[in-house]
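1. What follows is a predicted protein model with its sequence.
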Amino acid sequence: MQPPSDPSSASSSASSSASSSGLSSGPSPTGVIHDIGYRGYDGPRLGRRAVARALFVHSLRGVFGIGRSAKSKVLPVGLSVIMCVPALVLAVVTVIGAGRGLLDDVPLDYSHYAMVLQAALAIFLATQAPQTVSLDLRFNTLPLYVSRPLERPDYVVAKYAAMTLGVFLLLAVPLLIMYVGALFAELPAGDETAEVAAALVGAAIYALVLSGLALLIASLTSRRGFGVAGIITTLVMTYAVATALQGVVGIDNDDAVTAGWLGLISPMTLVDGVQVWALGTDPATPAGPASDATGITFVLVTLAVVVGCLGLLVARYRKVRL
Amino acid sequence: MGVNNTIVRLTARSMLGGRRLYLLAGLAALLLALALLLRLFADVSATDSAEFIQAVSLGTLLPLFGLIVGTGTIGPEIDDGSVVYLLAKPVSRHVIVRSKLAVAVTTTVTFAAVPTFLAGLIMVGDRAGIALAYGIGALVAGIVYSALFLLLAVATRHAVIFGLVYALIWESLVGTFVPGARTLSVQQWALSVAESIASPGVITADVSLGVALTLAAVVFVAATWYAGERLRVLTLAGDD
């Protein structure tokens, strides 16, 4: 597939040849494209990058249900509200508590917010990732995309970027609400800014890892229900297993080192481990990475997950038949 | 009871014929593998094992199973419209629901309750009756979840989503903050049954046994009956 080198001349030559053949082949009217006088498009033709950007914006709007039916808006909007309400409550509590001198820090660490509300986060991913990719597979719309200057990897990158930004916004807005609450409460601004910045970086990593996994699972099936079940099972089951094992090994057996390594099992605990080691936050799990070696492994595994998901998605879409 | 053998056979085939079987068997195998690993490489007391099984099996595995299996028996058929061929047959809608439910319950028991019992056996042997307690608890939970999620699948096209919201947000998040919500939690009913079987003090539940059994039975019967009623008035026109 090759984009036309000079689109305007290509289209004009095509129309002129069509009209000339329509005039010359008078006797046999079969198989002729008649020039019935429609005006051709001679405006600017945007290239590959513009198509990818349009797909990105369209997908990002789709993640939150914007531009879709009212029924499709219920879940993403509802879950966004569920994500923000606790932050709002915490912000109010911070302002009132600090005003009475009861609090000298935010009641919940910024970096723990994603972990505490992971049920809503998981449902958001499980419903919106299949929404983003499965429908195109099911209704065979992919040929319409790649018949444009858009290449297949561009499709993957645009979808991945849109999902990642969507999840990041879902996580970042509540953090900023809590941060504003902390500023109103006149807590030490420097500390709060450093903490919220670390949590925002963590949110970006959460978004990258979780979106990659969710899109990969969703892209394997054109059935929405199966994608939802697969993503939820992966996220919830691995988390339950990881924390249960950490509880048994780390707390009951007093083996914090092994328990730290067990955080690699689940995407949620994996990113939390990266936050703990690289961003210096407190672990939100029974045990964080205990040593530098563990921490570096967590970072490397996180990178491998992100790159691997992207690579597998590209490979997956190379195989989609048109 | 009244089930239709042909419907049972066809449902079982579609349920266990495709990729869903791998997912279900994989989850069951995962539970057993974890139990084996903990038994071999960690020194686990009976109480810790109980907590582990409770968190992984009753807390996570069973709601997911109930969801996948309960909605999976009829959801896809309603989704792609092939349920009309079933509804066009001179079979009572209640019989259809009961047949589907029979398959769902059997599948949940095979792939969730039995592995839970075996995992308990692997981890603690027959100490303190833990294995049997959680096995029976998982059985109760599996039966109620199947009926509940089957009803959801008949009542709404977004059954999986509503099921998730119930299983994840109501049972874990709301239950943690609002103690009253725990009375209306399938998980707590199952725990209450398990509590009554195991030695005293190993398992704690927030609901008394009588209340739990009554509520579980009422929900099971009511959900099954109402699913039949909803199937009688099912509209097939796509609304989204």
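-> Thanks, I have it.

2. When you work out contacts or count neighbours from here on, use the C-alpha atoms and nothing else.
-> Will do.

3. near chain A, which residues of chain B show up?
-> Residues of chain B lying near chain A by CA under 8 Å from any CA of the partner chain: B:42-44, B:48-49, B:52, B:55-56, B:60-61, B:64, B:68, B:160-161, B:164-165, B:168-169, B:173, B:240.

4. looking at chain A, which helix or strand is least sure?
-> The helix or strand of chain A with the lowest confidence, counting by mean pLDDT, DSSP states H and E, is helix A:7-24 at a mean of 44.

5. immediately after that helix, which helix or strand?
-> Remark: after helix A:7-24, the chain's next helix or strand is helix A:48-63, criterion DSSP states H and E.

6. Could you look up the next helix or strand downstream of that next one?
-> Immediately after helix A:48-63, counting by DSSP H and E, sits helix A:70-99.

7. Whether whichever helix or strand comes after that following helix contacts chain B - can you check?
-> Next helix or strand after helix A:70-99 toward the C-terminus (DSSP H and E): helix A:113-116. No: under the criterion of CA under 8 Å from any CA, chain B is not reached by helix A:113-116; the shortest gap measures 8.9 Å.

8. Point out where the chain drops to low pLDDT.
-> Since no chain was named, I'll use chain A. Scanning chain A with the threshold set as pLDDT under 70 gives A:1-29, A:322.

9. please go with chain B instead
-> Applying pLDDT under 70 to chain B picks out residues B:1, B:172-176, B:236-240.

10. What segments of it are helices?
-> Assigned by DSSP state H, chain B shows helices spanning B:5-17, B:19-41, B:46-53, B:62-72, B:75-80, B:83-87, B:93-108, B:114-124, B:130-155, B:159-164, B:175-177, B:186-197, B:209-232.

11. Pull out the buried positions in the last one.
-> I take that to be helix B:209-232. Buried residues in helix B:209-232, counting neighbours by 16 or more other CA atoms under 10 Å in any protein chain shown, are found at B:209, B:212-213, B:215-216, B:219-220, B:223-231.

12. Find the pair from those residues with maximum spatial separation.
-> With CA to CA as the measure, no two of those lie farther apart than B:Leu209 and B:Leu231, at 32.6 Å.

13. tally of neighbours for the nearest residue to B:Leu87 once chain neighbours are set aside?
-> Using CA to CA, 6 or more residues apart in numbering or on different chains and skipping residues adjacent in sequence, the residue nearest B:Leu87 is B:Arg93, 7.4 Å away. The burial count assigned to B:Arg93 is 20, neighbours taken as other CA atoms under 10 Å in any protein chain shown.

14. What of B:Gly18?
-> For B:Gly18, the neighbour count with other CA under 10 Å is 10.

15. what are the phi and psi values for it?
-> Torsion angles at B:Gly18 (phi, psi; degrees, to the nearest 10) stand at phi -100, psi -150.

16. now it: how far from B:Leu164?
-> To B:Leu164, B:Gly18 is 22 Å away according to CA to CA, to the nearest Å.

17. circling back to that earlier point, would you show me how to pick out the buried ones of the residues of chain B next to chain A in ChimeraX?
-> Buried residues among the residues of chain B next to chain A (16+ other CA under 10 Å), as a ChimeraX selection:
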select /B:44,48,49,52,55,56,60,61,64,68,160,161,164,168,169,173
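
18. Buried residues of the longest helix along chain A, list them for me.
-> Counting by DSSP H, the longest helix found in chain A is helix A:152-184. Along helix A:152-184, these residues count as buried under the neighbour rule (16+ other CA under 10 Å): A:152-184.

19. Find the nearest non-adjacent residue to A:Val241, please.
-> B:Val56 (6.1 Å).

20. residue boundaries of the helices in the stretch 151-300 of chain A?
-> Per DSSP state H, counting those that start in this stretch, the stretch 151-300 of chain A carries helices over the ranges A:152-184, A:189-219, A:224-232, A:238-246, A:256-262, A:267-279, A:292-318.

21. Is it possible to get JSON lines of the ones you listed that adds distance to B:Val144?
-> Below are the helices of the stretch 151-300 of chain A laid out as JSON lines (distance: least, CA to CA, whole Å):
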{"stretch": "helix A:152-184", "distance to B:Val144": "34"}
{"stretch": "helix A:189-219", "distance to B:Val144": "29"}
{"stretch": "helix A:224-232", "distance to B:Val144": "19"}
{"stretch": "helix A:238-246", "distance to B:Val144": "22"}
{"stretch": "helix A:256-262", "distance to B:Val144": "33"}
{"stretch": "helix A:267-279", "distance to B:Val144": "30"}
{"stretch": "helix A:292-318", "distance to B:Val144": "37"}
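
22. Could you say which of those helices is packed most deeply?
-> helix A:267-279 (a mean of 25; mean count of other CA atoms under 10 Å in any protein chain shown).
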